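# everything below, folded, please.
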Amino acid sequence: MTASIAVAIQQAQQKFQGVSETAKLDAELLLAHSLGKPRSYLYSWPDKTLSAAESEQFQTLVELRLKPTPVAYLLIEREFYSLTLKISPVALIPRPETELLVETALEYCADIQHPKILEMGTGTGAISIALLHERPDIELTTTDISPECLELAQANANLNGVSLNCIESDWFQNLDKNTRFDLIVSNPPYIAADDPYLQQGDLPAEPLLALTPGKSGLEAIQQIVSGATERLCPGGYLMLEHGFDQAESVAGLLRQAGFTDIQNLRDYSDHPRVSLGQCPQQ
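Numbers count the residues shown, from 1 in each chain. All right, here's what the predicted structure looks like:
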């Protein structure tokens, strides 16, 4: 015998207690997805009995969540900057704190007509697509080392009505050396390879390449900073997302590379999250 909506949520919530800090929300999202309904439907019809097919589909998702598989991978979509993005295990799931990087980039190019922006390591394309959605006049180039990520980014761009210029590249490697940008933005991998955080929660299900660049966690940021001055217009800015405990280290790398006006911005949880610096006025 199948359960009602309310009972199905309660049972799944109990199972998720050990794998999720948002157990009830996870249960509701997965059940709504199984029913093809919005979450509000669950509140309106708590006593409705699930069909056998609905119950089977929901239980399949519950078992996958317990592995644990991130909810975003099961729903195959995620909201970012009020945009809907398709999600795949080939790319990191966009986080709300990364919206700060988008807002900062938009602020710094507000007075530039047709700003040239480079986003490095695009993954789902979230940052680039959000920028283009707000500023269609941006001349934007986006890169990733993974062709699968670039394919996903292009699909998300099409979904949201923007066009991406994607280049498969290991950071600056395949970029035209003569092209300069007003802004370079990136949310690179920044977790140290031996950080126990990588084994917690849903992170083991996400692509390791998008999470850690090596032993210190700063390897990717070092590569970006060291090559950025040659790719920025005089007075242009480099903006990087990083770990909450890496602000001083990133500021040191920017300073060492000759950047000025070095700043750190805090995310919505009041954690140091985005660092930026200005390329010398040559």
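
# wasn't Leu209 part of a helix?
Yes - according to DSSP: H, G, I helix; E, B strand; the rest coil, Leu209 belongs to a helix.

# which ones are touching the residue lying closest to it once chain neighbours are set aside?
Nearest non-adjacent residue to Leu209, counting by C-beta to C-beta, 6 or more residues apart in numbering: Pro189, 6.8 Å away. Bear in mind the C-beta positions are built from the backbone N, C-alpha and C, glycine included. Contacts for Pro189 were tallied using C-beta atoms under 8 Å, 6 or more residues apart in numbering; they are Gly121, Leu209, Ala210, Leu211, Thr212, Pro213, Gly217, Ala220.

# swap in Ala105?
Counting by C-beta under 8 Å, 6+ apart, Ala105 makes contact with Ile117, Ile127, Leu131, Leu183, Val185, Met239.

# give me that answer again for 7 Å
Ile117, Leu131, Leu183, Val185, Met239 (C-beta atoms under 7 Å, 6 or more residues apart in numbering).

# narrow the residues you listed to those in helices?
Among the contacts of Ala105, DSSP state H puts Leu131 in helices.

# identify the farthest-apart pair in the contacts of Ala105.
Leu131 and Met239 (11.3 Å; C-beta to C-beta).

# so for the host helix or strand of Leu30, mean pLDDT?
Counting by DSSP states H and E, the element that carries Leu30 is helix 23-35. For helix 23-35, mean pLDDT is 95.

# got the contact list for it?
By C-beta under 7 Å, 6+ apart, the surrounding residues in contact with helix 23-35 are 5, 8-9, 12-13, 16-17, 20, 38-39, 41-42, 54, 57-58, 61-62, 65, 71, 74-75.

# among those, name the ones in helices.
Cross-referencing those against helices under DSSP H gives 5, 8-9, 12-13, 16, 39, 41-42, 54, 57-58, 61-62, 65, 71, 74-75.

# and the biggest strand by length in the chain, which strands flank it?
Longest strand of the chain, by residue count under DSSP state E: strand 232-241. Strand 232-241 has the following strand partners under DSSP bridges: strand 181-186 (parallel), strand 272-278 (antiparallel).

# the closest residue to Pro68 other than its chain neighbours: how many residues sit nearby?
Nearest residue to Pro68, sequence neighbours excluded (C-beta to C-beta, 6+ apart): Val19, at 4.4 Å. Neighbour count for Val19, taken as other C-beta atoms under 10 Å: 15.

# so where is this structure shaky, pLDDT-wise?
1, 282 (pLDDT under 70).

# what about stretch 211-221, start to end distance?
For stretch 211-221, the first-to-last residue distance is 12 Å (C-alpha to C-alpha, to the nearest Å).

# for that stretch, give me every contacting residue.
Outside stretch 211-221, the residues that reach it (C-beta under 7 Å, 6+ apart) are 92, 188-193, 198, 203, 240, 242-243, 246, 249-250, 253.

# one step back: okay if I get the contacts of Ala105 as a markdown table plus distance to Arg231?
A markdown table is the format used below for the contacts of Ala105 (distance: C-beta to C-beta, whole Å):
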| residue | distance to Arg231 |
| --- | --- |
| Ile117 | 11 |
| Leu131 | 17 |
| Leu183 | 11 |
| Val185 | 12 |
| Met239 | 13 |
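
# rewinding a little: from the contacts of stretch 211-221, pick the one nearest Asp137.
Leu240 (24.0 Å).

# show me what contacts that closest one?
Leu240 sits next to Ser186, Ile221, Ile224, Val250, Val274, Ser275 when contact means C-beta under 7 Å, 6+ apart.

# measure Ile191 to Glu151 for me?
In this view, Ile191 and Glu151 are 25 Å apart by C-beta to C-beta, to the nearest Å.

# more neighbours: these two, which one.
With neighbours defined as other C-beta under 10 Å, Ile191 and Glu151 compare such that Ile191 has more, 18 against 15.

# my guess is the more buried one contacts Gln200. True?
No - the criterion here is C-beta atoms under 7 Å, and Ile191 misses it with Gln200 at 10.9 Å.

# now do the SS call for Gln173.
coil.
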